[in-house]
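Student: need coordinates for the below:
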Amino acid sequence: MEYHVGQAHPRVETRFGVRSLSRRTLRYVTERKPPGMSWESWIDRQIREADERGEFDNLPGAGKPIPGIDKPHDEMWWVKQKLAREGVSYLPPALALRKEVDEVLEQIMHEQSEDSARTLLNDINARIKHVNSTTISGPSTAVWPLDVEQTMKKWRDHHPEGTPADPNARPGRADPS
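Tutor: Here you go, the predicted model:
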C-alpha cells in the first residue's frame, strides 16, 4: 500500500486500483505485517503501541464486571440488550392485554369518582374486544370483557364514603352516617 500524504484525501494503491481514503478511514488502516515477523509479535506490538497512545483509556465499562457473564448463553442477547437500552418491551398481544387488564383494575380502585372508574372500565373493555377480534398470532386471548356492574360494585365497596363531588352518585346506596 502506498500513501500519498499531502493531498486532501490520501490515496491508496490496491490490486483493484487507486482508492481515496478519508481521514476517518486512515485512522483505522493498519500497516502490513512485516515479512519475517510472527503474527503474534506483530499483533502484540500493535496492542502495546495503541495502549501507549492511550486508545484503551476511559473505555465504557472499564473496571466493572461484564454484564450477564453468569447468565446462561442466549442467542438473542443482543436483541434483548437493544430493547432494554431503547426502553422497549414486547409481549404478544394476549399477554400484554392480561397485564393491561390487571393494571387497569388496580387503577380503577384508586379512582376518586365513579364516572372516571367507569370510563377506565369501558376503555379497557373496548381494548379487550379489539384484541380478541384482531389477534392472529401468539397465544390465544383468554380475556373476556369485564363485567361493568360487578366491577363498579367492588369499587363502591372499596369507597364506602362515596364521592361528595360526584353529582351522578347512584341512588339507593346506603348512607354511611
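
Student: could you list the buried residues of the longest helix belonging to the chain?
Tutor: Counting residues, the longest helix found in the chain (DSSP state H) is helix 114-134. Within helix 114-134, the residues scored as buried using 16 or more other CB atoms under 10 Å are 114, 117-118, 120-121, 124-125, 127-128, 131-132. (Glycine included, C-beta is placed from N, CA and C.)

Student: closest to residue 44 out of the residues you listed?
Tutor: Residue 44 has its nearest neighbour among the buried residues of helix 114-134 in residue 131, at 59.2 Å by CB to CB.

Student: what's the first helix or strand after the helix or strand bottoming out on mean pLDDT in the chain?
Tutor: When each helix and strand of the chain is scored by mean pLDDT, DSSP states H and E, helix 23-28 comes last, with a mean of 50. The first helix or strand that comes after helix 23-28 along the chain, using DSSP states H and E, is helix 39-53.

Student: from residue 136, how far out is the nearest residue to residue 108 once chain neighbours are set aside?
Tutor: In this structure, residue 108 finds its nearest non-sequential neighbour in residue 117, 4.7 Å apart by CB to CB, 6 or more residues apart in numbering. Separation of residue 117 from residue 136 (CB to CB, to the nearest Å): 32 Å.

Student: cool, and residue 85?
Tutor: Taking CB to CB, one finds residue 85 at 30 Å from residue 136.

Student: out of these two, which sits in the more crowded spot?
Tutor: residue 85 (8 against 5; other CB atoms under 10 Å).

Student: low-confidence regions, this structure specifically.
Tutor: 1-30, 138, 162-177 (pLDDT under 70).

Student: how does it look with 80?
Tutor: 1-40, 67-68, 89-93, 135-141, 160-177 (pLDDT under 80).

Student: need the contact list for residue 63.
Tutor: Going by CB atoms under 8 Å, 6 or more residues apart in numbering, residue 63 touches no other residue.

Student: hang on, I meant residue 135
Tutor: Counting by CB under 8 Å, 6+ apart, residue 135 has contacts 93-94, 141.

Student: isn't there a helix covering residue 94?
Tutor: Yes. Residue 94 forms part of a helix when assessed by DSSP: H, G, I helix; E, B strand; the rest coil.

Student: how about the nearest residue to it, chain neighbours excluded?
Tutor: residue 141 (4.1 Å).

Student: if we can go back for a sec, tell me how far the longest helix of the chain lies from the chain's centre.
Tutor: Remark: helix 114-134 is offset 26 Å from the chain centroid, using CA atoms, centre = their mean, to the nearest Å.
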